[in-house]
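Participant: A structural model of the following input is requested.
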Amino acid sequence: ADATERATQYGPRKVKDSIEFSLMRARTRVLETDSPNEAQGYFAGELNAGKDTAENHYGYAMALANVEQNEQAMAALQPLIDQYPKQPNIALLQAQILMQMGKAQEGLAVYARNLANYPRYMPGVLKYGEALINAGKPDQARQVLLTASQANGPKVDSYRLLAEAARATGNTAEAQYQSANYLFERGDLRGAVEQLNAGLRIASISEDDRARLTARRKQLIDTIPKDELKALQKG
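Facilitator: As a prediction, this is how the structure comes out:
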């Protein structure tokens, strides 16, 4: 028999869904339902019917967390935390719930542990950076974001969070610089140059900051096609 005939002798292979795929499917269902109550109802029904799967626990916990029913969300997630202590998606949801419960130190510790386990997992890096900013630790957030950007290459949301961290510390020149990078990466050349122009109009910035903003402005302008540059200069 040829290869095709041999293949027909075997039934379809049943491959157990990976935990990552199961959690992604649950997340998609939560995000695509019309209301939090609908998502809660679906996953509660699945669990009550005896379908005690990671997907259903995670989906139920996420649906509850999204409306800040935090105690119930943590209870729903706890079996997965115990079973998969290093799974990054579970850890990020756990940290989110802890932050919403006002347990900032515990939440930040979970984010930090996840970063140590998966230093190249950018969703974890960005969530941790944002949580640090919200917890009043912008300098630490900046360090986390810069370290990750050096290791993995800069990501567009890293620039946004670096700008937020700079604003939180009162470093306006740095905030304008990173905001310009964010807008440039999103394709908004005019907006990026305007951010740098705004930074250069600040009378109190240091000469080093002024030189840095000026150099970045020249880099960006050099990337703009001539016809767009004329329009920019007219504007």
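
Participant: quick one, longest helix in the chain?
Facilitator: helix 207-223 (DSSP state H).

Participant: Tell me the helices and strands packed up against it.
Facilitator: Helices and strands touching helix 207-223, by 3 or more Cβ pairs under 8 Å, 6 or more residues apart in numbering; DSSP states H and E, are helix 172-185, helix 189-200. For the C-beta atoms, the positions are set from N, CA and C on the backbone; glycine is no exception.

Participant: Tell me which of those helices sits nearest to residue 62.
Facilitator: Across the helices and strands packed on helix 207-223, residue 62 has its closest neighbour in helix 172-185 (27.6 Å, Cβ to Cβ).

Participant: Can you list the neighbours in contact with stretch 116-135?
Facilitator: Under the criterion Cβ atoms under 8 Å, 6 or more residues apart in numbering, residues 86, 88, 91-92, 95-96, 99, 104, 107-108, 111-112, 114-115, 138, 140-141, 144-145, 148, 151-152, 155, 157-158, 161, 164-165, 168 lie in contact with stretch 116-135.

Participant: Next: stretch 41-61.
Facilitator: Contact partners of stretch 41-61, identified using Cβ under 8 Å, 6+ apart, comprise 17, 19, 22-23, 25-27, 29-30, 33, 39-40, 63, 73-74, 76-77, 79-80, 83-84, 89-90, 93, 97.

Participant: Out of these, which sit inside strands?
Facilitator: Residues of the contacts of stretch 41-61 located in strands (DSSP state E): none.

Participant: are any of those buried, and which?
Facilitator: 19, 22-23, 26-27, 29-30, 33, 39-40, 63, 73-74, 76-77, 80, 84, 89-90, 93, 97 (16 or more other Cβ atoms under 10 Å).

Participant: so where's the chain shaky on pLDDT?
Facilitator: In the predicted model of the chain, residues 1-17, 228-235 satisfy pLDDT under 70.

Participant: cutoff 50 now
Facilitator: Low-confidence segments of the chain, defined by pLDDT under 50: 1-16.

Participant: can you give me the helices for it?
Facilitator: 3-8, 19-32, 36-48, 54-66, 70-83, 88-100, 104-117, 122-134, 138-152, 156-168, 172-185, 189-200, 207-223, 226-234.

Participant: Buried deepest among those helices, which one?
Facilitator: Mean neighbour count (mean count of other Cβ atoms under 10 Å) peaks for helix 54-66 among the helices of the chain, with a mean of 24.

Participant: quick one, the longest helix of the chain and helix 172-185 angle?
Facilitator: 10 degrees (axes from the mean of the first three to the mean of the last three Cα atoms, to 10 degrees).

Participant: Other residues contacting stretch 158-166?
Facilitator: Stretch 158-166 is contacted from outside by 122, 125-126, 129-130, 132-133, 138-139, 141-142, 145-146, 148-149, 172, 174-179, 181-182, 185, using Cβ under 8 Å, 6+ apart.

Participant: Excluding chain neighbours, what is closest to residue 62?
Facilitator: Leaving aside its chain neighbours, residue 62 sits nearest to residue 30 (4.9 Å; criterion: Cβ to Cβ, 6 or more residues apart in numbering).

Participant: I am finished for the moment; much appreciated.
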